[in-house]
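Asks: using only what follows, build the 3D model:
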Amino acid sequence: MKSIYVATISVLFAALSQIFLKFSLSKIGKISIYEISELPKIMIQNPLLILAIFLLIFASVFWLMALSRANLNLIYPFLSLSYVFVAIFSFILFKETLSFFRIIGIAIVVVGVNFLAKS
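Replies: Below you'll find the predicted structure:
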């Protein structure tokens with residue numbers, strides 16, 4: 001598998017993990033530093049939080065695979081795709097707004113990563 005695809009899979013897993021974390025925490029509410037000791041209990045009660053953590057682990061594994069196959073200056077810019085994925089998923093799932101300038105910024109990121117991938 002090409003390193004670019006592996007890096008993209010890593011970024012997709014990382015973005016999905018953020019979506020599941022946000023969804024889980026929106027149901028749990030605010031967590032303060034004083035409640036960190038309650039985190040295992042909170043995790044057991046919320047399977048989506050556990051899924052989010054596993055997705056982060058998978059993202060890390062795929063990122064390590066990508067790093068082992070390609071130059072860092074080629075694949076590191078792919079991390080910026082996480083902004084694109086999170087913005088799209090947030091728009092669809094959380095009904096967050098995408099302003100005109102945010103859409104332009106996302107388009108610039110996609111074009112930039114595309115240029116880098118072709119270099």
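Asks: residue contacts, Phe23?
Replies: Applying CB atoms under 8 Å, 6 or more residues apart in numbering, we find Phe23 in contact with Leu48, Leu93, Phe94. No exception for glycine: its C-beta is placed from N, CA and C like everyone else's.
Asks: so what's the residue count around Leu72?
Replies: 9 (other CB atoms under 10 Å).
Asks: my error: substitute Thr97 in the last question.
Replies: As a measure of burial, Thr97 has 8 neighbours, counting by other CB under 10 Å.
Asks: among the contacts of Phe23, which are in helices?
Replies: Residues of these located in helices (DSSP state H): Leu48, Leu93.
Asks: ChimeraX command for the buried members of the contacts of Phe23?
Replies: Burial among the contacts of Phe23 is assessed by 16 or more other CB atoms under 10 Å; the matching ChimeraX selection reads:
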select :48
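Asks: what's the closest of the contacts of Phe23 to Ser3?
Replies: The shortest approach to Ser3 among the contacts of Phe23 belongs to Leu93, at 29.3 Å (CB to CB).
Asks: much appreciated, bye for now.
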